[in-house]
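Participant: can't give you the sequence, but here's the structure:
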DNA sequence: TTCCAGGCGTATC
DNA sequence: GATACGCATGGA
């Protein structure tokens, strides 16, 4: 069935291409096809929201959650206007919205992302899903935990192969419990994620922000470090407080697309 | 050929 | 705690 998912405003192009997700493809004419968790859908850009083109009724709630339809961005962006740099970044892509992604998929994706570029990240994740996943979804932790480094290196994961396997093993063994992390405050949740080999502060913050919707997480990658040095040498402005992660994403998308 | 990419582990101080 | 270096891979 088709379903109109109403939001205040969401720009699918900047939302899917701002580096938070890796599994959406632009089909042209305002159409995008993507996979999240074990569900796939095609969406069409609308003025206020989007139309889900091939969705089952039972999955509508899932996509409403995924697209965070109840987040009040007009209020958040209004607060951000107190800072001139952030005001420009929001003006550059006013319809950019954070997604609420599946934690394990986000964890594996951002382990792969380290010291890598977005195009390659997408390719590696897509290969991993088609080779080891069911129906094109990200492989289950149990599947990845059974692999050896040599099984993954053909995908191009490079030295990150052992990190991926370590993450999967710690989840299968129960040493890391994503359901528990979801309930924990930011600092404790981050400490748990840091137990995984290959997960440092930046990857942990990405997982918390994109996978657990911890909006105070502020991932510091090479691009954002340049932003901090150039625009915020004395720290982040007050107007970001509580929504540092959303601000980060506007800034990241802005700085990457400046000529 | 060298440099870089949504960094991190390890060694060393 | 800070800093230096190596690391797989492929595109520029």
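Facilitator: That came in fine, so what should we check first? It should be emphasised that the depicted structure is a prediction, and the values quoted were computed from it without experimental measurement. Residues are numbered from 1 along each chain as shown, chains lettered A, B, ... in the order given.
Participant: Run a quick neighbour tally on the residue of the stretch 51-200 of chain A at minimum distance from DNA strand C.
Facilitator: Closest residue of the stretch 51-200 of chain A to DNA strand C, C-beta to the nearest atom of the strand: residue A:158 (2.8 Å). Using the backbone N, CA and C atoms, a C-beta is placed for each residue, glycine as well. A count of nearby residues for residue A:158, using other C-beta atoms under 10 Å, gives 14.
Participant: was I right about residue A:85 contacting residue A:255?
Facilitator: No. Using C-beta atoms under 8 Å, residue A:85 makes no contact with residue A:255, being 9.5 Å away.
Participant: Overlap in contacts, these two.
Facilitator: Common contacts of residue A:85 and residue A:255 (C-beta atoms under 8 Å, 6 or more residues apart in numbering): residue A:227.
Participant: List the strands paired with the lengthiest strand in chain A, with their directions.
Facilitator: When chain A is parsed with DSSP state E, its longest strand is strand A:39-46. Strand A:39-46 has its sheet partners listed here by DSSP bridges as strand A:31-36 (antiparallel), strand A:49-52 (antiparallel).
Participant: Next, the contact list for residue A:187, please.
Facilitator: Residues near residue A:187 by C-beta under 8 Å, 6+ apart: none.
Participant: Centre of the chain to the helix or strand harbouring it, how far?
Facilitator: Per DSSP states H and E: residue A:187 is located in helix A:186-193. Offset of helix A:186-193 from its chain centre (C-alpha atoms, centre = their mean, to the nearest Å): 17 Å.
Participant: in stretch A:97-116, what counts as buried?
Facilitator: By neighbour count with 16 or more other C-beta atoms under 10 Å, stretch A:97-116 contains the buried residues A:97-114, A:116.
Participant: scratch that, stretch A:3-23
Facilitator: A:3, A:5, A:7, A:10, A:12-23.
Participant: Between which two of the residues you listed is the distance greatest?
Facilitator: The distance between the two most remote of those (C-beta to C-beta) is 27.3 Å, for A:3 and A:19.
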